[in-house]
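Participant: One predicted model, sequence on top.
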Amino acid sequence: MKCLVVITHPLSESLCSFLGEHITTRLEEQGHEVVVENLYESEFNPVLSTEERSSYYSGSYDTSGVEEEVLRLKEAEAMVLVYPTWWFSFPAMLKGWFDRVWGPGIAYDHADDLGPIRPRLNNLRKVLVVTPLGAPWWFDRIVMRQPLKRVVKYALLGACTRGSRLSYLSLYKSENADKAKVGRFIQRIDGVLRAWR
């Protein structure tokens, strides 16, 4: 498959960067075609411009600033998102990638009556999210009710794809994770990726 790996973390020595490299290697070993989109490394501009927003309902969304990113997204059959969960939200860099790249005519089409949008990313069949966060599992799942998982599953994939399969892996209390804990988490990642053959 054509796999898009999107890595979002400002530090090259971060756990996210390490996990992103591991995932890229695994996918390549399995024979997939892998494209890496490292948002900080490429200095992606996350700010939706006035021109881009003005073109949202014009019939032709202005992709002049994100043409390469749009092409990589449209070609992807599988996608891995690797990002830290900060304040139970996406890093601003990744949120900006969604805002600018997942635009109308790319990820979805507006309905004529501005009702529910229609999905366009129908080639995207498999999605894996890998996210370290500092909170314990019970706070994310019971108190917060996994807000980011719901956004990815229902708001993004639910609206912009037809039947893509989501695997969502959270590494809780990651700030004090030892090698054994990270190793177990990597085994979970590898288990998901093995099913992508």
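Facilitator: All right, it came through fine.

Participant: which residues does the spatially most central residue of the chain form a beta bridge with?
Facilitator: Centrality entry for the chain: nearest residue to the mean C-alpha point is residue 81, 3.4 Å, by Cα atoms, centre = their mean. Using DSSP bridges, the beta-bridge partners of residue 81 come out as residue 6, residue 129.

Participant: With the one 5 residues further on instead?
Facilitator: Partner residues in beta bridges with residue 86, using DSSP bridges, are residue 89.

Participant: And stretch 72-79, end to end?
Facilitator: One end of stretch 72-79 to the other measures 10 Å (Cα to Cα, to the nearest Å).

Participant: would you list every one of the helices in the protein?
Facilitator: With DSSP state H applied, the chain shows helices at 15-29, 50-54, 67-75, 92-101, 137-138, 147-150, 158-160, 179-194, listed in chain order.

Participant: which one of the ones you listed lies closest to residue 166?
Facilitator: Nearest of those to residue 166, taken as Cβ to Cβ: helix 147-150 at 8.1 Å. Using the backbone N, CA and C atoms, a C-beta is placed for each residue, glycine as well.

Participant: Check which helices and strands that closest one sits against.
Facilitator: strand 126-132 (3 or more Cβ pairs under 8 Å, 6 or more residues apart in numbering; DSSP states H and E).

Participant: Let's see the strand it packs on as PDB, backbone CA atoms only.
Facilitator: Coordinates of each C-alpha in strand 126-132 appear next as PDB, following Å, rounded to 0.1, in the frame of the first residue of the first chain:
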ATOM      1  CA  LYS A 126      -6.400   2.000   7.200                       C
ATOM      2  CA  VAL A 127      -5.400   4.600   9.800                       C
ATOM      3  CA  LEU A 128      -3.200   4.100  12.800                       C
ATOM      4  CA  VAL A 129      -2.800   6.800  15.500                       C
ATOM      5  CA  VAL A 130       0.100   6.600  17.900                       C
ATOM      6  CA  THR A 131       0.100   9.100  20.700                       C
ATOM      7  CA  PRO A 132       2.000   9.400  23.900                       C
END
